[in-house]
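Visitor: A predicted structure for the sequence below; I have some questions about it.
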Amino acid sequence: MAKVEFLTEETFKQKVFNFETNKDWKFEGELPCLIDFYADWCGPCKMVAPILEELQKDFDGKINIYKIDTEAERNLAGMFGIQSIPSLLFVPKDGQPQMAVGAMSKEQFKGAIADVLKVEAN
């Protein structure tokens, strides 16, 4: 069963975007993904966490859901200009990623996943 995976700068370069070798956006992943930029002290982030776990089950094998701790991974947070959290980066297989800021309901997530990632739940 797929679980939400926590990324470091090193795993981010392998699974999402290798910013050391590419200046322009080039997605490294096999499946579209959703990245949650969060911090442990953030209340809304805590509300989003169980929803993301459910979504990973609902979309198992179709998308990957990743989390990045903005406190531990300041370089990644800075690269995406994260000002407020949660910030959620929707990364389609082709095309540019799109950022959404703030907590969303499960239905809002599903809508955004359908719109940006072009994927429907299982």
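Guide: Here it is on my side, so go on.
Visitor: The most centrally placed residue in the chain and residue 92, how far apart?
Guide: For the chain, the residue nearest the mean C-alpha position is residue 35 (0.9 Å; Cα atoms, centre = their mean). Residue 35 is 12 Å from residue 92, where distance means Cβ to Cβ, to the nearest Å. C-beta here means a position set from N, CA and C on the backbone, and glycine is covered the same way.
Visitor: Show me the strands in this protein, by range?
Guide: Counting by DSSP state E, the chain has these strands, from start to end: 5-6, 33-38, 64-69, 87-91, 98-101.
Visitor: Most tightly packed of those?
Guide: When the strands of the chain are scored by mean count of other Cβ atoms under 10 Å, the highest mean neighbour count falls to strand 33-38 (a mean of 24).
Visitor: which helices and strands sit right next to it?
Guide: Secondary structure elements in contact with strand 33-38, counted by 3 or more Cβ pairs under 8 Å, 6 or more residues apart in numbering; DSSP states H and E, are helix 43-58, strand 64-69, strand 87-91.
Visitor: what about residue 22, how many residues close to it?
Guide: Summarising burial for residue 22: neighbours were counted as other Cβ atoms under 10 Å, giving 12.
Visitor: what separates it from residue 16, distance-wise?
Guide: Counting by Cβ to Cβ, the gap from residue 22 to residue 16 is 11 Å.
Visitor: again with residue 24
Guide: Distance from residue 24 to residue 16, counting by Cβ to Cβ: 14 Å.
Visitor: which residues does residue 2 contact?
Guide: 56-57, 60-61, 64 (Cβ atoms under 8 Å, 6 or more residues apart in numbering).
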